[in-house]
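Student: Sequence plus predicted model, see below.
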2 protein chains.
Amino acid sequence: MKKDSHSTCESCPARQEGIFCNLDFDDIVDVSHHKITNKYKKGQTLFVQGTHPFGLYCISSGNIKLTKTGVDGKESIVRIVHAGDIIGHRSLFTDEDFGKTATAMEDTEVCFIDKKYILSLIQKNPTVALNIINKLSRDMGHAENKLSSLHQKNVRERLAELLLSLKTTHGVKEDGRWRIELKLTREEMATMIGTANETLIRFMTEFKDAGIIEQEGKVIYVKDEDELLNWANIHY
Amino acid sequence: MKKDSHSTCESCPARQEGIFCNLDFDDIVDVSHHKITNKYKKGQTLFVQGTHPFGLYCISSGNIKLTKTGVDGKESIVRIVHAGDIIGHRSLFTDEDFGKTATAMEDTEVCFIDKKYILSLIQKNPTVALNIINKLSRDMGHAENKLSSLHQKNVRERLAELLLSLKTTHGVKEDGRWRIELKLTREEMATMIGTANETLIRFMTEFKDAGIIEQEGKVIYVKDEDELLNWANIHY
DNA sequence: TCGTAAAGCTGATATAGATTATATTTTCGT
DNA sequence: ACGAAAATATAATCTATATCAGCTTTACGA
């Protein structure tokens, strides 16, 4: 965990994506003075489920997975976040312990903003509050979609949904197909849709055989997104 | 849907529970002037999934279920809300269509606050914003708990969790046992934990046989909450 | 209050997906 | 570059729970 005090919020590549997007320049400079930037290597944890929060994490680069450990020690990925996302806010505002563990999936740059400062910023700056409300609302929507997906869909449909959502969040169009710019193990993917990794692999193979996806090493390509929508049982 | 313009926010029994709890008296009177109170009968819908929101609903009495309909028309209960809760805020702040349908589970009194007014109130009153953030954060926590529950637990464990949570939200202590003050069909309970109603009934019978719960008509009593914690596989 | 529809219950059967086992391939530290 | 450990793949069972079917009880509108 190295410190890097040179980068600023004004120059943050994720500035326009995050909750500080519509802040005045002076205000963003002020935020910059109240943050600490850290670099995390792949596999390092930013915080651990059950511990107490003391500020807000604002991601400027890299992917971070949020996992929840059950009583039996089984881990499942609840969410994957990246540049412009904030994490730790939920526990911060409710004053509860962290409900999840945050782990860097690759080399990552994350800014940390002290609790006191962020609370005063919200008081002073209603747009920041509205941005946080907006973010939480959208996250809530996603969580509830996942819930009803788990209730109502089978593993094949959920896998199709997962691939579609990875395509949206981490996909790059590349000669007629989408390359998913995020390396996940089969085990990790399985925990994202609540299944066993053997089952996931089986359906991945089915999708490959059907020509819907392709695979080169750990990289997944989505070839036919319309067919994926069909398999996910989504119709517009 | 009858109007009732007599009741005020100042005198609302749910005032201390909701997002307006720490507002000055003058401000609450102002809120009162910008709300419309409606009464809904059992089974009536407040809003329907897929339609567009135009304000915030603030519940002053009665229980309301929020359901999500899948592609095949299967409905599942995502959440049950009551006095002091707000609904419709998620879609309101993200400007998306309603993701769920809200239906009164019994005769209900609900206040409606116009979108413009609530947004201006947030701008003016940071505590309201913080209260909404707090509420969303807690809801988010619950949603993610449910998610990992669905991933990691079996039906028996999920039913035990459901009974525990109903005990907490709608339970009344009554000579050594908890009476759950909320009438749900088995079908509804089944959709809350993502199972078939036959399966749910089967486990309910198991719980009754084990002496953990009792049943008189539609009313459920929780007799042994420690045992329920065991069955839910929760250990503190 | 009667009759029909909805809800509750129970048993039998079917099946999606977990589990177990084994083999192969990839990754990574030294 | 090599060997151990982790990840991937596939097949063979097993099991939790869905589905189907039939019956009983409760709720409710005319």
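Tutor: Noted; the coordinates are in hand.
Student: how about the residues of chain A near DNA strand D?
Tutor: A:Thr185, A:Arg186, A:Glu187, A:Asn197, A:Glu198, A:Ile201, A:Arg202, A:Met204, A:Thr205, A:Gln215, A:Lys218 (CB under 7 Å from any atom of the strand). C-beta coordinates here come from the backbone N, C-alpha and C atoms, glycine included.
Student: residues near the first one, how many?
Tutor: Same thing as A:Thr185. Residues within reach of A:Thr185, counting by other CB atoms under 10 Å in any protein chain shown, total 10.
Student: Mind picking out the helix or strand in chain A with the poorest mean pLDDT?
Tutor: strand A:2-3 (a mean of 41; mean pLDDT, DSSP states H and E).
Student: Please work out the average pLDDT along the helix or strand following it.
Tutor: Counting by DSSP states H and E, the next helix or strand C-terminal to strand A:2-3 is helix A:25-33. What helix A:25-33 shows for mean pLDDT is 92.
Student: Contacts for helix A:25-33 next, please.
Tutor: Identification of contacts with helix A:25-33 by CB atoms under 8 Å, 6 or more residues apart in numbering or on different chains yields A:Thr8, A:Cys9, A:Glu10, A:Arg15, A:Phe20, A:Leu23, A:Ile113, A:Leu121, A:Asn125.
Student: now do 10 Å
Tutor: Residues outside helix A:25-33 that contact it (CB atoms under 10 Å, 6 or more residues apart in numbering or on different chains) are A:7-12, A:15, A:20-24, A:58, A:111, A:113, A:117-118, A:121, A:124-125, A:127-128.
Student: Distance from the chain centre to the following helix or strand past it, please.
Tutor: Remark: after helix A:25-33, the chain's next helix or strand is strand A:35-40, criterion DSSP H and E. Averaging C-alpha positions (CA atoms, centre = their mean, to the nearest Å) puts strand A:35-40 18 Å from its chain's average.
Student: and strand A:35-40, what does it pack onto?
Tutor: strand A:2-3, strand A:55-61, strand A:101-104, strand A:108-114 (3 or more CB pairs under 10 Å, 6 or more residues apart in numbering or on different chains; DSSP states H and E).
Student: does DNA strand C sit close to stretch A:175-193?
Tutor: No. Legend: contact between stretch A:175-193 and DNA strand C by CB under 7 Å from any atom of the strand is lacking; minimum distance shown is 7.7 Å.
Student: Give me the buried positions along that stretch.
Tutor: Residues of stretch A:175-193 classed as buried by neighbour count (16 or more other CB atoms under 10 Å in any protein chain shown): A:Arg177, A:Trp178, A:Arg179, A:Ile180, A:Leu182, A:Leu184, A:Glu188, A:Met189, A:Ala190, A:Thr191, A:Met192, A:Ile193.
Student: residue nearest the centroid of chain A?
Tutor: Computing the C-alpha centroid of chain A and ranking residues by CA atoms, centre = their mean puts A:Val81 first, at 1.8 Å.
Student: Show me the beta-bridge partners of it.
Tutor: A:Ile64 (DSSP bridges).
Student: Check the spacing between A:Thr69 and A:Gln49 real quick.
Tutor: As for A:Thr69, its distance to A:Gln49 is 6 Å (criterion: CB to CB, to the nearest Å).
Student: List only buried entries from the residues of chain A next to DNA strand D.
Tutor: For the residues of chain A next to DNA strand D, buried by 16+ other CB under 10 Å: A:Met204.
Student: Let me have the residues of chain A next to DNA strand D in JSON lines, extended by distance to A:Ser149, secondary structure and pLDDT.
Tutor: Output for these, formatted as JSON lines (distance: CB to CB, whole Å; DSSP: H, G, I helix; E, B strand; the rest coil; pLDDT from 0 to 100):
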{"residue": "A:Thr185", "distance to A:Ser149": "21", "secondary structure": "coil", "pLDDT": "95"}
{"residue": "A:Arg186", "distance to A:Ser149": "20", "secondary structure": "helix", "pLDDT": "96"}
{"residue": "A:Glu187", "distance to A:Ser149": "20", "secondary structure": "helix", "pLDDT": "96"}
{"residue": "A:Asn197", "distance to A:Ser149": "19", "secondary structure": "helix", "pLDDT": "96"}
{"residue": "A:Glu198", "distance to A:Ser149": "21", "secondary structure": "helix", "pLDDT": "96"}
{"residue": "A:Ile201", "distance to A:Ser149": "20", "secondary structure": "helix", "pLDDT": "96"}
{"residue": "A:Arg202", "distance to A:Ser149": "19", "secondary structure": "helix", "pLDDT": "96"}
{"residue": "A:Met204", "distance to A:Ser149": "18", "secondary structure": "helix", "pLDDT": "97"}
{"residue": "A:Thr205", "distance to A:Ser149": "22", "secondary structure": "helix", "pLDDT": "96"}
{"residue": "A:Gln215", "distance to A:Ser149": "24", "secondary structure": "strand", "pLDDT": "92"}
{"residue": "A:Lys218", "distance to A:Ser149": "25", "secondary structure": "coil", "pLDDT": "87"}
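Student: okay, the residues of chain A next to DNA strand D in CSV with distance to B:Leu92 next?
Tutor: Output for those, formatted as CSV (distance: CB to CB, whole Å):
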residue, distance to B:Leu92
A:Thr185, 39
A:Arg186, 39
A:Glu187, 39
A:Asn197, 40
A:Glu198, 43
A:Ile201, 42
A:Arg202, 42
A:Met204, 39
A:Thr205, 44
A:Gln215, 42
A:Lys218, 41
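Student: Out of the contacts of helix A:25-33, which end up buried?
Tutor: Buried among the contacts of helix A:25-33 by 16+ other CB under 10 Å: A:7-9, A:12, A:15, A:20, A:23, A:58, A:111, A:113, A:117-118, A:121, A:125, A:127-128.
Student: remind me which residues of chain A are low pLDDT?
Tutor: For chain A, applying pLDDT under 70 flags the ranges A:1-6, A:236.
Student: redo that, cut-off 90
Tutor: A:1-18, A:22, A:70-74, A:91-92, A:174-176, A:216-218, A:233-236 (pLDDT under 90).
Student: Quick one: name the residues of it near DNA strand C.
Tutor: Counting by CB under 7 Å from any atom of the strand, chain A sits next to DNA strand C at A:Asn154, A:Val155, A:Arg156, A:Gly194, A:Thr195, A:Ala196, A:Glu198, A:Thr199, A:Gly217, A:Lys218.
Student: Go through these and name the one nearest A:Thr37.
Tutor: Nearest to A:Thr37 out of the residues of chain A next to DNA strand C is A:Lys218 (CB to CB; 28.8 Å).
Student: just to revisit the earlier point, top of the residues of chain A next to DNA strand C by number of neighbours, please.
Tutor: A:Thr195 (19 neighbours).
Student: distance of the spatially closest residue to that one that is not a sequence neighbour from A:Asn197?
Tutor: Of all residues beyond its chain neighbours, the one nearest A:Thr195 is A:Val155 (4.9 Å), with distances taken as CB to CB, 6 or more residues apart in numbering or on different chains. Distance, A:Val155 to A:Asn197, by CB to CB: 12 Å.
Student: and what of A:His142?
Tutor: Distance from A:His142 to A:Asn197, by CB to CB: 23 Å.
Student: surely A:Arg158 meets A:Ile234?
Tutor: No. Using CB atoms under 10 Å, A:Arg158 and A:Ile234 do not qualify as a contacting pair, with a distance of 11.5 Å.
Student: The two: who's more crowded?
Tutor: Taking other CB under 10 Å, A:Arg158 and A:Ile234 do not tie; A:Arg158 has more neighbours (22 against 14).
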